[in-house]
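In: Fold the following, please.
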Amino acid sequence: MRKLVLSSLLAAAFCAVSPSAHAQLKLGIVDMNSVFTSYYKTKDAEAKINEARAGAKKELDERLETLKKAMDDINKINQEIEKPELSKDGKEKATKSRDEKVQEARNLDREIAEFRSNRERQLQEQFLRMRKDIIDEIMTVVNDKVKGGSYDLVLDKSGASMGQIPIVLFSRADLDFSNDIIASLNKGAPKPTSAAN
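Out: Numbering: from 1, shown residues only. From the prediction side, this is the model:
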């Protein structure tokens, strides 16, 4: 829907401008996808999210291992109950112990499902917050460039229409100021630390 509105606005803007004004219209092109992926903070955010995912996976694996051990214990008790030499009293005690372990396993299974769901939601929210902050920073730099350069219209050449066709079908290379934006954003990048050999 947003792309349709954007396409309609662009068409209206071009129609509203008289032919003599077309020559004075200052256009700019930005590849926002390239800017986003080239920004050092995007790489930092991806590393943080991947680290958080790895931590969540480790914690989930530990819980799943606990559940597996509980299931193994239940199976062992079931095998004990099936032994004919086990006394009636022994079978009752083993059955009671098994039922308790089954309940514990069910509770643990429910906790695992809740943990998985909560962690996935938390990671998604964290990712969206980080992405929004990065996009806000990029847009600040783009807007400063647009105002400083007195651009009339700037298009994102990485955008696609609802039909998955690029919005910008062609543009001259000199209209694209993506590299200027990337350079400006990465000015504050921390110096890479040399890895010990």
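In: Packing partners of the helix ranked longest in the chain?
Out: When the chain is parsed with DSSP state H, its longest helix is helix 88-149. The helices and strands touching helix 88-149, judged by 3 or more CB pairs under 8 Å, 6 or more residues apart in numbering; DSSP states H and E, are strand 27-30, helix 32-38, helix 40-82, helix 178-185. For glycine as for every other residue, the C-beta is placed from the backbone atoms N, C-alpha and C.
In: For the first one, C-alpha coordinates in PDB please.
Out: So that's strand 27-30. Taking Å, rounded to 0.1, in the frame of the first residue of the first chain, the C-alpha atoms of strand 27-30 are listed here in PDB:
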ATOM      1  CA  LEU A  27      16.900  14.600  -8.500                       C
ATOM      2  CA  GLY A  28      18.800  12.200  -6.300                       C
ATOM      3  CA  ILE A  29      19.100   8.500  -6.000                       C
ATOM      4  CA  VAL A  30      20.000   6.400  -2.900                       C
END
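In: Can you pull out the residues in contact with it?
Out: Here strand 27-30 makes contact (CB atoms under 8 Å, 6 or more residues apart in numbering) with 142, 145-146, 149, 151-157, 168, 171, 175-178, 181.
In: Mind checking which of those are buried?
Out: 142, 145-146, 151, 154-157, 168, 175-178, 181 (16 or more other CB atoms under 10 Å).
In: among those residues, which two are most distant?
Out: Pairwise distances across the buried ones among the contacts of strand 27-30 (CB to CB) peak at 17.4 Å, for the pair 145 and 168.
In: ok, back up a step: I'd like the average pLDDT over the next helix or strand after the longest helix of the chain.
Out: Toward the C-terminus, helix 88-149 is succeeded by strand 153-156 as the next helix or strand (DSSP states H and E). The average pLDDT within strand 153-156 is 92.
In: ditto for stretch 97-117
Out: 94.
In: and what of stretch 54-67?
Out: Mean predicted lDDT for stretch 54-67 stands at 94.
In: Just the buried residues of that stretch, please?
Out: Result for stretch 54-67 [16+ other CB under 10 Å]: buried residues 56, 63, 67.
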